[in-house]
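Undergrad: Give me the fold of what follows.
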Amino acid sequence: MILSELPPARSIRPHAKSRLGCLNCKSRRVKCQETRPQPCHNCISRRLECVYPSNSRRITSREILPQKQRTSSSKPNRALAPAPSSLLRLQPLSSASSEGFTGEDLRFFHHFLLTAYPHLPFQSENLWKTSLPASAHHCPHLMHAILCLGASHLSLISPSGASYTAMAVEHRGKALKYLSSALASPNPPTRTELDLIVATTYALTFQASYMTDGLIDFAFMVRGCSIVTRYLVEQYQSSEMFKLLMPNDIYAHVWPLLSAEPFHSPEMVDACIETLEGIQPLLLQQDDTPRYLTYNAILSTYQAMKISAQQAFLAFTFIYSSWEHMTDREFIEFLDPGDPVSSLLLIHFVTATIMMRRIFEALRLDQVNTPRDALANHHWGIHRYESLPAKFRGLVEWQYKFITADKAFIESGQWAAR
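TA: Residues are numbered from 1 along each chain as shown. Next up, the predicted model:
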């Protein structure tokens with residue numbers, strides 16, 4: 001072979017490739033300036049939230065699951081305990097079916113496929129109706145997450161739905177058991193296995209949103225979705241199944257679907273802002289940075305409602321981001337029902353969620369809107385209000401009246417006449 005026929009030599013990097021860039025730059029495969037803790041220049045120019053990967057290289061049940069459910073369901077059953085070997089590896093078909101599913105389980109599965117499947121991550125609706133249910137037959141934590149989601153949704157919209165609640169709790173307990181064991185596996189998960197864990201955390205998040213006592217579970221699972229997604233991107237740069245996981249991709253998808261006009265009356269939004277600002281002195285007294293992040297995110301959401309639905313959606317996502325930035329201990333303390341300041345903030349979170357309902361409905365492109373499935377959120381706010389010491393209730397009296405009025409409106413069925 002003559003010299004000219006030799007393939008060109010590969011250039012050698014003058015430096016080791018950095019893996020410490022922010023997640024947005026990783027997903028776009030561009031060089032990050034790595035200016036942590038400050039946002040990188042790329043994210044600043046694109047007006048994106050700049051999130052850096054954590055130092056941890058593993059995810060654990062401590063980060064994702066509510067403490068009481070990391071190792072057991074609300075009613076422990078030794079027969080449900082997973083085998084000590086890795087459950088993260090895809091199980092044979094018999095592993096999900098050997099427990100003996102009932103006729104009611106088939107009803108829940110069918111209801112999930114018909115109307116209860118999640119609409120998140122965005123552009124994954126077909127996955128939830130096709131390949132993910134098929135994978136669930138080999139993946140116990142996903143199968144039970146699907147069944148508990150179908151059962152919980154049916155319990156809210158069906159006249160005889162109360163009888164499904166106990167079955168939903170049972171399936172949720174099994175899903176959490178299997179998921180906890182999957183997270184404890186000593187073997188590094190493949191990208192497909194991580195995708196299925198992402199799917200399970202999303203399904204359990206939606207299911208928790210249908211539980212009248214599910215606020216704490218919901219918050220944990222929202223945070224879990226962020227942590228698992230971040231870990232997936234750190235390890236594999238992208239998902240095999242879900243195409244819209246990173247903030248810049250999500251915003252690019254959502255922006256054209258939402259109005260550029262204000263979508264709430266200024267008077268209503270101003271009332272929310274005024275009452276929220278009444279909480280600020282309590283935060284200053286405690287010098288509480290973690291809660292202040294959530295406070296600022298809620299305030300930004302209210303303010304953005306006066307600008308456009310687009311800006312409101314963007315601001316609302318920062319509420320969830322504020323939870324991810326808390327330490328495990330800070331997050332548990334934040335969710336403590338006995339903490340009045342946290343309860344005040346969570347009542348505002350519920351209020352903002354209800355006010356955002358029209359936006360969320362607009363983003364559920366292929367699903368029939370059933371406002372009754374939002375009733376659990378109202379219970380969260382009402383319960384937190386009723387648990388407050390009397391001296392704090394006046395700070396969120398407006399929110400309490402708004403939540404109860406909207407709950408009565410949905411229960412009356414008047415929304416169907418619109």
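Undergrad: next helix or strand past the lowest-mean-pLDDT helix or strand in the chain?
TA: Within the chain, confidence by mean pLDDT, DSSP states H and E is lowest for helix 94-97 among all helices and strands, at a mean of 47. Note on helix 94-97: by DSSP states H and E, the next helix or strand toward the C-terminus is helix 103-111.
Undergrad: Need the residues that contact whatever helix or strand comes next after that following helix.
TA: Sequence-wise, the next helix or strand downstream of helix 103-111 (DSSP H and E) is helix 125-129. Residues from elsewhere that reach helix 125-129, judged by CB atoms under 8 Å, 6 or more residues apart in numbering: 113, 117-119, 241-242, 365-367. All C-beta atoms are positioned from the backbone trio N, CA, C, and that covers glycine.
Undergrad: most neighbours, which of these?
TA: Using other CB atoms under 10 Å as the neighbour criterion, residue 117 leads the contacts of helix 125-129 with 24 neighbours.
Undergrad: can you map out the helices along the stretch 1-150 of the chain?
TA: With DSSP state H, counting those that start in this stretch as the criterion, the stretch 1-150 of the chain has helices at 23-28, 41-46, 61-64, 94-97, 103-111, 125-129, 131-136, 140-157.
Undergrad: Ranking these by mean neighbour count, which comes first?
TA: Sort the helices of the stretch 1-150 of the chain by mean neighbour count, taking mean count of other CB atoms under 10 Å, and helix 140-157 sits at the top with a mean of 27.
Undergrad: and for stretch 394-408, what are the contacting residues?
TA: Applying CB under 8 Å, 6+ apart, the external contacts of stretch 394-408 come out as 271-272, 275, 278-279, 344, 347-348, 350-351, 354, 375, 378, 381-382, 385, 388, 393.
Undergrad: Can you tell me the closest non-neighbouring residue to residue 359?
TA: Here the nearest residue to residue 359 in space, its sequence neighbours aside, is residue 309; by CB to CB, 6 or more residues apart in numbering that works out to 5.2 Å.
Undergrad: Next up, the contacts around the one you found.
TA: Contact partners of residue 309, counting by CB under 8 Å, 6+ apart, are 258-261, 263, 358-359, 362.
Undergrad: for these, which one is nearest residue 338?
TA: Of all those, residue 338 sits closest to residue 359, with 32.4 Å by CB to CB.
Undergrad: residues touching the closest one, list them.
TA: The contact partners of residue 359, taken as CB under 8 Å, 6+ apart, are 258, 263, 309, 312-313.
Undergrad: Among those, which ones are in helices?
TA: Of the contacts of residue 359, the ones assigned to helices by DSSP state H are 309, 312-313.
Undergrad: any idea which of these is closest to residue 170?
TA: Using CB to CB, residue 313 is the member of the ones in helices among the contacts of residue 359 that sits closest to residue 170, with 35.0 Å.
Undergrad: Tell me who's in contact with that closest one.
TA: Contact analysis of residue 313 by CB under 8 Å, 6+ apart lists 254, 258, 356, 359.
Undergrad: Pull the number of nearby residues for the first one.
TA: Going back to what we said before, that points to residue 254. When neighbours are defined as other CB under 10 Å, residue 254 has 19 of them.
Undergrad: Would you state the helices of the stretch 301-418 of the chain in chain order?
TA: Going by DSSP H, counting those that start in this stretch, the stretch 301-418 of the chain shows helices at 309-324, 328-334, 340-355, 357-362, 375-387, 390-393, 397-412.
Undergrad: how about the ones you listed, which one is nearest residue 176?
TA: Closest approach to residue 176 among the helices of the stretch 301-418 of the chain is made by helix 328-334 (16.8 Å; CB to CB).
Undergrad: This protein - how does it break down into domains?
TA: The record's domain parsing of the chain by automatic domain parsing lists 17-53, 61-242, 251-417.
Undergrad: just to revisit the earlier point, now render the ones in helices among the contacts of residue 359 as CSV, adding distance to residue 289.
TA: Formatted as CSV, those follow (distance: CB to CB, whole Å):
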residue, distance to residue 289
309, 30
312, 25
313, 25
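Undergrad: what's the helix or strand for the residue nearest to the spatial centre of the chain?
TA: When CA atoms, centre = their mean is applied to the chain, the residue found nearest the centroid is residue 222 (2.8 Å). Using DSSP H and E, residue 222 falls within helix 215-236.
Undergrad: Sketch out the low-pLDDT regions of the chain for me.
TA: The model of the chain has pLDDT under 70 over residues 1-20, 26-29, 37-38, 44-47, 53-62, 67-99, 286-287, 367-369, 415-418.
Undergrad: Quick check: residue 385 touching residue 347?
TA: Yes - the criterion here is CB atoms under 8 Å, and residue 385 meets it with residue 347 at 5.9 Å.
Undergrad: Show me what secondary structure element comes after the helix or strand residue 172 falls within.
TA: Secondary structure from DSSP H and E places residue 172 in helix 165-183. Per DSSP H and E, the first helix or strand lying C-terminal to helix 165-183 is helix 191-208.
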